[in-house]
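> fold the following and give me the result.
(chains A and B)
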Number of protein chains: 2
Amino acid sequence: MTEPAPRHRLFIEAGLAAGTDIQVSEQQAHYLLNVMRFAVGGEVALFNGRDGEWRGVIAETGKKKVRLSVAEQLRPQAVEPDLWLLFAAVKRARIDLIVEKATELGVSVLQPVFTERTVMSRVGEERLAAIAIEAAEQCERLTVPELRAPLSLQAALTKWPEGRVLLLMDETGAGRPIAEALGELPPGPAAVLIGPEGGFAKSELDGFSRLTFAVRVGLGPRILRADTAAIAALTCYQAIRGDWRDPPP
Amino acid sequence: MTEPAPRHRLFIEAGLAAGTDIQVSEQQAHYLLNVMRFAVGGEVALFNGRDGEWRGVIAETGKKKVRLSVAEQLRPQAVEPDLWLLFAAVKRARIDLIVEKATELGVSVLQPVFTERTVMSRVGEERLAAIAIEAAEQCERLTVPELRAPLSLQAALTKWPEGRVLLLMDETGAGRPIAEALGELPPGPAAVLIGPEGGFAKSELDGFSRLTFAVRVGLGPRILRADTAAIAALTCYQAIRGDWRDPPP
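So this is what the prediction gives:
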């Protein structure tokens, strides 16, 4: 088969294998029928984070219903680098942007945290999960990042997994330039931590210096907003240590 | 003088020197009086892109009027790296984001371009100029990037300035990984070019290979939206070749 892969992609929960049938969700049926104006015979690419990417052909449509027939595999499963993003809950437009862009940039885990200066008390997990799925569909990922339940920063640091480096974005000027810090990082799993607008509290900064798994990193002479800092830190990681040596599929 | 610099910053056009008086614009007066609730004696930091940063003290207020008295210089003038961003006109939310983030990331020139697949015919220059100023005020820059009038991509490339390297963000997979390309760049002025959603046309890509000043660069295996690609490319430049070895002021 040398037909091109369908342009539109759908993330689904079900298992994918040749010849199986998939019932999409009502929302996905609405998207396929009313937004994309697909009919029987229309094609989309399907992925579920486990079984690679498959060609799906619309076999039957109904009111708020679409049944897809799974044809051949288009790509084997691939995983993103083992890179977590811990991000302080910021206001809605900016947290949405962080989740969209972190997904495009290939993060594997999204961990919202509450810091001392975090103003927001909720993050809107359902909305963020939908944003991550849509961004994964758009950017050709074969996975969706795992959105974890929000934690206090202290709880996240207390139960920190062994062997994972934490890159702390530090606005105080005490951090090492990011390209230099990344260039010397030992191989292995990593995480990036971005504070809230207003930065970390002094007690948090003092605590950081006792963390053996943490590296304080600076993002240059301008003060970046929290969303910009998240995007910039993930970008540098992927370009210098991650998978940006690989071309697009 | 060891008083801390005022937290709020204003970009103004007028020259700045100790003892001079500044009349701010009506819009800035509204911001100072009604949004920030400043009164006589309130302090802001002032910059104009030429004379460094100065302490401004509110000397007189009126209906839609604020007169500031310029006290001492807080920082001498500093310039951003000589880095241009050429970006295809994309839809409003994304072009606004490109201008905000490019300013935070320290770009010196913003050049909107129309490519073959550019859908938008206008860019909203006044709105973009206001966004750049606000981002510069927020991020502690002492300059505002120069927003140039939109050009066709072909016109921009035809009159390309001698000695300026053009980093072309290339989604086809033919580009070099960005960290590698930046690591080998000769010193000197640079520019980043980001295409529209949908990428460059084949005729444009063919033309690029004849440009002696251009380097085709890839941003990894995922397909980034135009705004993400702009932010990522500028981030990598600043981290690897730009001024991100300098701490915040």
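> pLDDT weak spots in chain A?
Along chain A, the parts satisfying pLDDT under 70 run over A:1-2.
> got the contact list for the residue most central in space within it?
For chain A, the residue nearest the mean C-alpha position is A:T103 (2.9 Å; C-alpha atoms, centre = their mean). By C-beta atoms under 8 Å, 6 or more residues apart in numbering or on different chains, the contact set of A:T103 is A:110, A:131-132, A:135-136, A:139, A:141, A:144-145. C-beta here means a position set from N, CA and C on the backbone, and glycine is covered the same way.
> state the phi and psi torsions of it.
With angles defined as degrees, to the nearest 10, A:T103 sits at phi -70, psi -50.
> how about the strands in chain A?
For chain A, applying DSSP state E gives strands covering A:9-11, A:21-23, A:43-47, A:53-62, A:65-75, A:83-88, A:109-114, A:146-147, A:151-152, A:165-169, A:176-177, A:190-194, A:214-218.
> got a markdown table for those strands, with mean neighbour count and distance to A:E126 too?
Below are the strands of chain A laid out as a markdown table (neighbours: other C-beta atoms under 10 Å in any protein chain shown; distance: least, C-beta to C-beta, whole Å):
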| stretch | mean neighbour count | distance to A:E126 |
| --- | --- | --- |
| strand A:9-11 | 20 | 15 |
| strand A:21-23 | 16 | 21 |
| strand A:43-47 | 22 | 21 |
| strand A:53-62 | 18 | 25 |
| strand A:65-75 | 18 | 22 |
| strand A:83-88 | 26 | 17 |
| strand A:109-114 | 22 | 13 |
| strand A:146-147 | 18 | 10 |
| strand A:151-152 | 14 | 18 |
| strand A:165-169 | 22 | 27 |
| strand A:176-177 | 18 | 38 |
| strand A:190-194 | 25 | 22 |
| strand A:214-218 | 21 | 31 |
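> what's the closest of the ones you listed to chain B?
Closest approach to chain B among the strands of chain A is made by strand A:176-177 (4.5 Å; C-beta to the nearest C-beta).
> out of the contacts of A:T103, who's near chain B?
Within the set of the contacts of A:T103, contact with chain B (C-beta under 8 Å from any C-beta of the partner chain) is found for A:139, A:141.
> mind listing which of the contacts of A:T103 are in helices?
Of the contacts of A:T103, the ones assigned to helices by DSSP state H are A:131-132, A:135-136, A:139.
> mark out where each domain of chain A begins and ends.
According to automatic domain parsing, chain A comprises the domains A:9-75, A:83-240.
> is it possible to get a markdown table of those that adds distance to B:P4?
Converted to a markdown table, these look like this (distance: least, C-beta to C-beta, whole Å):
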| stretch | distance to B:P4 |
| --- | --- |
| domain A:9-75 | 49 |
| domain A:83-240 | 14 |
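> could you say which of the ones you listed is packed most deeply?
Counting by mean count of other C-beta atoms under 10 Å in any protein chain shown, domain A:83-240 has the highest mean neighbour count of these, with a mean of 19.
> how long is it end to end?
One end of domain A:83-240 sits 13 Å from the other (C-alpha to C-alpha, to the nearest Å).
> what of stretch A:35-45?
Length of stretch A:35-45, first residue to last, C-alpha to C-alpha: 16 Å.
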